[in-house]
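Undergrad: Give me a model of this one.
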Amino acid sequence: MKIYTKQGDQGQTALFGGDRVSKHSIRIETYGTVDELNSILGVAIANEHQPFTGDVIDEVQHQLFILGADLATPFHSDARIDRISEQEVQYLEQKIDFMEESLPPLKNFILPSGSMTGATLHHARTVCRRAERLAVVCSNQEKINDMVLQYLNRLSDFLFVLARYENHQSGCLENPWIPKK
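TA: Okay, here's the model as predicted:
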């Protein structure tokens, strides 16, 4: 199979189910940002990391492929795909609860930093928030799975806690934000 099809040379791409849309459509921008997020998670696990971090990132990367396919498939499509569900949201919540048990409570905002993996996870969190904002715009323009917004909201929380957890487990102190007067 060739990697290039020449089908997108005029600035359009196909959604699952066959609809063709402009590459600048909000739907494409949204799932493109989810793909960007998935790539950043790949960078996070390419660095030295805790075993738990690698395991949960692997699972989330698989979930992000489901999310991308969900966003790439209009609701009116007959294409049979898995869609993001309550099950994936519950997975994130369970992992957040587990990690928070070993973390000191937050008393200040913290600067995104720490180990290379921790800092990369903070970066992933910001890209996740952008994906969430784009998904909101997309949902205001066309019908998408309601669970997409809930999943992205929970995923950004998960990534924040995972960054803290990775840094804590690696012995990196958090850098509190203290406003200068």
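
Undergrad: And the contacts of stretch 169-181?
TA: 50, 52-53, 102, 107-111, 113-115, 117-118, 164, 167-168 (Cβ atoms under 8 Å, 6 or more residues apart in numbering). The way it works is simple: take the backbone N, C-alpha and C, and place the C-beta from them, glycine included.

Undergrad: if I pick the closest residue to residue 130 other than its chain neighbours, what's in contact with it?
TA: Residue nearest to residue 130 in three dimensions, not counting chain neighbours: residue 33, with 5.6 Å by Cβ to Cβ, 6 or more residues apart in numbering. The contact partners of residue 33, taken as Cβ under 8 Å, 6+ apart, are 127, 130, 131, 134.

Undergrad: at 6 Å what do you get?
TA: Counting by Cβ atoms under 6 Å, 6 or more residues apart in numbering, residue 33 touches 130, 131, 134.

Undergrad: between the residues you listed, which has the most around it?
TA: residue 131 (27 neighbours; other Cβ atoms under 10 Å).

Undergrad: Counting neighbours, what do you get for the spatially closest residue to residue 43 that is not a sequence neighbour?
TA: Nearest non-adjacent residue to residue 43, counting by Cβ to Cβ, 6+ apart: residue 120, 5.4 Å away. By the criterion of other Cβ under 10 Å, residue 120 has 24 neighbours.

Undergrad: pull the longest helix from this protein.
TA: helix 116-141 (DSSP state H).

Undergrad: got the contact list for the residue most central in space within the chain?
TA: Nearest to the geometric centre of the chain sits residue 128, at 4.5 Å (Cα atoms, centre = their mean). Residue 128 sits next to 37, 155, 156, 159 when contact means Cβ under 6 Å, 6+ apart.

Undergrad: all helices for this structure, in order.
TA: 26-46, 51-71, 86-100, 116-141, 146-169.

Undergrad: Determine the angle, from 0 to 180 degrees, between the fourth one and helix 146-169.
TA: In other words, helix 116-141. Inter-element angle recorded for helix 116-141 and helix 146-169: 170 degrees (by axes from the mean of the first three to the mean of the last three Cα atoms, to 10 degrees).

Undergrad: quick check: angle from helix 116-141 to helix 51-71?
TA: Going by the same axes, to 10 degrees, helix 116-141 makes 20 degrees with helix 51-71.

Undergrad: Then the third one?
TA: Helix 86-100 and helix 51-71 are oriented at 160 degrees to each other (the same axes, to 10 degrees).

Undergrad: Show me which positions of helix 86-100 end up buried.
TA: 88, 89, 91, 92, 95, 96, 99 (16 or more other Cβ atoms under 10 Å).

Undergrad: could I get those as a markdown table with pLDDT and distance to residue 24?
TA: Rendered in a markdown table, the data for these read as follows (pLDDT from 0 to 100; distance: Cβ to Cβ, whole Å):
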| residue | pLDDT | distance to residue 24 |
| --- | --- | --- |
| 88 | 98 | 28 |
| 89 | 98 | 30 |
| 91 | 98 | 33 |
| 92 | 98 | 30 |
| 95 | 98 | 35 |
| 96 | 98 | 35 |
| 99 | 98 | 38 |
